[in-house]
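S.K.: sequence first, predicted model second:
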Amino acid sequence: MSRTTPQPPRRRRAALAAALAVAAPLVLAACGGDDTAASSEDESWEPDRDIEWIVPYTPGGGFDTYSRGIAEVMQAGHLPDGVNIVVRNSPPLPQGIASMFNADPDGYTIGILPMPAAIAQEIQEPDLAQWTTSEFTVLGQVDENGYVVYVPADSEFETIEDLIAAQDIRAITVEEGSSSALAGLATIQALELDADVTYGAEGSAEVVTAALRGDADFFVYGSTDLVGFVESGDIRPLMYLGTEDQLPDSVEWLQDVPTAEEAGFPELAGAVTELRVIVAPPDLPEPVAEYLRTALAETMADEEFVTWAEEAGRPIVPRTAEETEAAIADQITQMEELVPQLADG
């Protein structure tokens with residue numbers, strides 16, 4: 001299993017957000033800062049009606065939460081007066097991804113794309129996937145999310161070694177091909193767990209509820225998705241699957257959770273890391289793309305959004321469009337190797 005390219009330490013990420021904000025006005029100037037550019041419809045653009053934002057998951061999860069946080073701040077201070085962002089939840093995952101990909105490339109449809117789930121589903125079901133992941137117009141990234149192995153608080157499994165030694169254990173996750181499902185399968189293979197997986201939970205709350213009800217012994221989910229359940233004492237983390245650089249400073253309890261490297265499974269560290277990427281359909285005209293990239297970058301650096309993220313317990317891990325495109329390319333290469341391995345296992 002190959003490992004995700006190491007990412008900038010968390011302490012540098014606030015600086016990255018600030019850098020995005022500094023760069024944003026320069027992008028606008030390049031798009032239409034002189035009289036010649038402003039006089040050409042081909043070289044300047046701004047929205048004059050509402051923008052639809054597609055979330056390929058049900059309401060309440062991490063993707064939905066980030067989307068609504070960005071939408072609120074962006075429409076309040078980084079779009080023309082009267083232009084709103086309308087968030088539309090469009091599960092299941094393939095339907096939502098296809099809706100983003102196949103919309104008109106006019107700037108009025110954007111969305112939040114889960115990586116590596118998008119490329120994994122494309123590899124697994126090439127005849128059914130109505131999109132090509134590498135062809136999305138990338139606007140930027142708001143977060144990356146390392147995974148954690150969790151058990152119910154009253155579980156007999158106190159350590160990851162206990163889980164490894166157990167027989168006939170059960171895992172639960174959301175739909176096949178999702179990032180969480182991939183992380184779970186990679187964990188089962190690497191640890192050689194004697195585990196069966198149940199698919200089809202609608203979201204994080206249903207995964208946790210099923211485990212607490214006794215329908216599963218463990219589950220693999222994002223490090224920032226279940227903070228409330230850990231802090232309330234309902235579930236316990238056994239092992240962190242991200243790299244050291246991906247540890248979110250805002251999640252204090254995670255600092256004491258053994259990492260995959262510490263547990264003797266370095267191949268698991270960063271093997272599957274979720275990226276929350278903001279995209280538009282392919283072939284978006286460059287002036288439209290630059291306007292939206294600038295608005296997104298300014299939003300993520302906005303103090304109002306930073307405050308929202310802190311209060312919501314949602315770290316901001318921004319990348320520019322160019323950096324995000326490189327991260328997506330790395331994940332495509334990684335999944336082309338990993339997904340067949342998981343299928344063979």
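M.R.: Structure received.
S.K.: element containing residue 210, please.
M.R.: If you go by DSSP states H and E, residue 210 is part of helix 204-213.
S.K.: what strands line up against whichever helix or strand comes after that helix, and which way round?
M.R.: The helix or strand immediately downstream of helix 204-213 is strand 219-222, counting by DSSP H and E. Next to strand 219-222 in the sheet, as set by DSSP bridges, lie strand 147-152 (antiparallel).
S.K.: got the angle between the strand it pairs with and helix 204-213?
M.R.: Inter-element angle recorded for strand 147-152 and helix 204-213: 40 degrees (by axes from the mean of the first three to the mean of the last three Cα atoms, to 10 degrees).
S.K.: measure how far strand 147-152 is from the centre of its chain, please.
M.R.: 18 Å (Cα atoms, centre = their mean, to the nearest Å).
S.K.: related to what we said a few turns ago, mind listing what's buried along the helix holding residue 210?
M.R.: Residues of helix 204-213 classed as buried: 204-205, 207-208, 210-211 (neighbour count, 16 or more other Cβ atoms under 10 Å). Placement of C-beta: from N, CA and C, glycine included.
S.K.: got the domain boundaries for this structure?
M.R.: Per automatic domain parsing, the domain ranges recorded for the chain read 10-144+273-344, 147-268.
S.K.: adding mean pLDDT, write the ones you listed out as TSV.
M.R.: Formatted as TSV, these follow (pLDDT from 0 to 100):
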stretch	mean pLDDT
domain 10-144+273-344	86
domain 147-268	92
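S.K.: tell me the contacts of residue 342?
M.R.: 182, 185-186, 189 (Cβ atoms under 8 Å, 6 or more residues apart in numbering).
S.K.: likewise residue 199?
M.R.: 173-176, 181 are the contacts of residue 199 under Cβ under 8 Å, 6+ apart.
S.K.: any idea where the helices of the stretch 1-150 of the chain begin and end?
M.R.: Under the criterion DSSP state H, counting those that start in this stretch, the stretch 1-150 of the chain contains helices at 13-32, 35-38, 62-77, 93-102, 117-124.
S.K.: which of the contacts of residue 342 sits closest to residue 57?
M.R.: Relative to residue 57, the closest of these is residue 182; by Cβ to Cβ it sits at 15.5 Å.
S.K.: next, count neighbours for residue 253.
M.R.: 11 (other Cβ atoms under 10 Å).
S.K.: for residue 261, that is, sorry about that
M.R.: 16.
S.K.: could you double-check that it sits in contact with residue 271?
M.R.: No: in this structure residue 261 lies outside contact range of residue 271 using Cβ atoms under 8 Å: 11.4 Å.
S.K.: quick revisit: what packs against the helix holding residue 210?
M.R.: Applying 3 or more Cβ pairs under 8 Å, 6 or more residues apart in numbering; DSSP states H and E, one finds that helix 204-213 contacts strand 147-152, strand 169-172, strand 219-222, strand 235-240.
S.K.: centre of the chain versus the helix or strand that the second one is followed by, how much separation?
M.R.: By that I understand strand 169-172. Later in the chain than strand 169-172, the nearest helix or strand by DSSP H and E is helix 179-191. Distance of helix 179-191 from its chain centroid, counting by Cα atoms, centre = their mean, is 17 Å.
S.K.: and the contacts of the helix or strand following helix 179-191?
M.R.: With elements assigned by DSSP H and E, the helix or strand that comes after helix 179-191 is strand 195-198. With Cβ under 8 Å, 6+ apart as the test, strand 195-198 has contacts from 168-173, 181, 184-185, 188, 210, 215-218.
S.K.: top of those by neighbour count?
M.R.: Result: residue 184 is most packed of these (other Cβ under 10 Å), 28 neighbours.
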